[in-house]
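Asks: Here is my input, please return the structure:
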Amino acid sequence: MKIITNISLLILILFALNAKSQDLIFYNNNKDTIKCKIINDKVQFLEYKLNNDTSLYRISQDKYDFYIQQNELTKNDTIKNKEFTLPNLYKNDTSINNFANKQLTPQYPQFGFGFGIGLDYGGILGIKITSIPFKFLSVFFGLGYNLNDAGVNIGALYRIAPKQIICPFFGIMYGYNAVIVIIGAENYNKTYYGSSFTFGLEFRSAKLKNFFSIGLNIPNRSDSFEKDIQSLKQNPNIKITQEPPDALLTIGYHIII
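Replies: All right, here's what the predicted structure looks like:
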């Protein structure tokens with residue numbers, strides 16, 4: 001009888017220890033962790049459950065550095081000093097699910113603005129107001145100075161890998177894509193409008209939503225521009241020192257708000 005009692009007591013102790021055991025997922029910000037029970041380790045994400053919550057959550061691979069399951073631990077207090085802690089909410093409170101989703105996945109739509117050079121920024125120096133309604137789509141309005149007057153462009157970009165640190169993109173825009181500036185003969189100065197194609201890369205860090213952008217703008221210049229530039233070349237009073245290239249550099253820094 002005493003043996004049965006001791007075995008029962010041991011089972012209860014092991015059950016209690018197991019009930020308190022927790023796995024740890026370490027965010028890639030080098031400070032926060034999720035205390036949970038890991039359910040599945042997939043190629044692109046982890047599935048886990050939180051204490052006293054039957055909901056199944058996911059964290060994508062690019063959001064965490066590594067995880068440790070309880071059977072791999074020796075001392076919980078030596079893993080991290082700071083832990084990720086969810087608010088003290090009731091089990092059936094839907095805001096706990098909203099909180100977790102906000103922490104683990106980017107929220108859309110996003111809005112921001114950038115400073116840079118290029119046709120998509122309106123000229124040699126300008127700003128670009130950006131809206132990202134969906135993770136793969138970005139629309140923008142660019143306004144800048146093009147050496148003659150204000151340059152304007154509106155367009156849309158397709159973002160190929162929005163969850164990656166380096167995200168390729170390509171897109172199309174309409175607006176200013178050529179300018180003629182003649183010093184000393186300002187009557188020939190003119191800004192031309194048409195479509196342009198663009199492609200490039202967005203560079204992000206693991207901690208910030210802000211990003212650098214670099215790429216090329218390829219203008220589809222109008223017949224009017226080609227006619228005017230040929231006419232100026234044949235004018236003996238005008239000296240053409242530089243013709244616009246077929247592809248133009250675009251570079252800028254964007255702040256997501």
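Asks: Quick one: the helices in the chain, in order.
Replies: With DSSP state H applied, the chain shows helices at 2-20, 95-104, 223-233, listed in chain order.
Asks: Same question for stretch 204-222: list its buried residues.
Replies: The neighbour-count check on stretch 204-222 (16 or more other CB atoms under 10 Å) flags 204, 211, 213, 215-219, 221 as buried. Bear in mind the C-beta positions are built from the backbone N, C-alpha and C, glycine included.
Asks: How about stretch 34-51?
Replies: Going by neighbour count (16+ other CB under 10 Å), the buried part of stretch 34-51 is 34-36, 38, 45-46, 48, 50.
Asks: First-to-last residue distance for stretch 231-250?
Replies: End-to-end distance for stretch 231-250, by CA to CA, to the nearest Å: 29 Å.
Asks: ignore the last one, stretch 27-34
Replies: From start residue to end residue, stretch 27-34 stretches across 8 Å - CA to CA.
Asks: how about that stretch: buried residues?
Replies: Of the residues in stretch 27-34, those buried by neighbour count under the rule 16+ other CB under 10 Å are 27, 32-34.
Asks: Restricted to strands, list those residues.
Replies: With strands taken from DSSP state E, the overlap with those comprises 27, 33-34.
Asks: how about JSON lines for the residues you listed, with pLDDT and distance to residue 181 added?
Replies: Listed next are these as JSON lines, based on pLDDT from 0 to 100; distance: CB to CB, whole Å:
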{"residue": "27", "pLDDT": "82", "distance to residue 181": "51"}
{"residue": "33", "pLDDT": "83", "distance to residue 181": "58"}
{"residue": "34", "pLDDT": "85", "distance to residue 181": "57"}
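Asks: between those, which is nearest residue 177?
Replies: Taking CB to CB as the measure, residue 177 lies nearest residue 27 of those, at 43.6 Å.
Asks: what are the bridge partners for the closest one, then?
Replies: Going by DSSP bridges, residue 27 is paired in beta bridges with residue 64.
Asks: isn't it right up against residue 63?
Replies: Yes. Residue 27 is in contact with residue 63 according to CB atoms under 8 Å; the separation is 6.6 Å.
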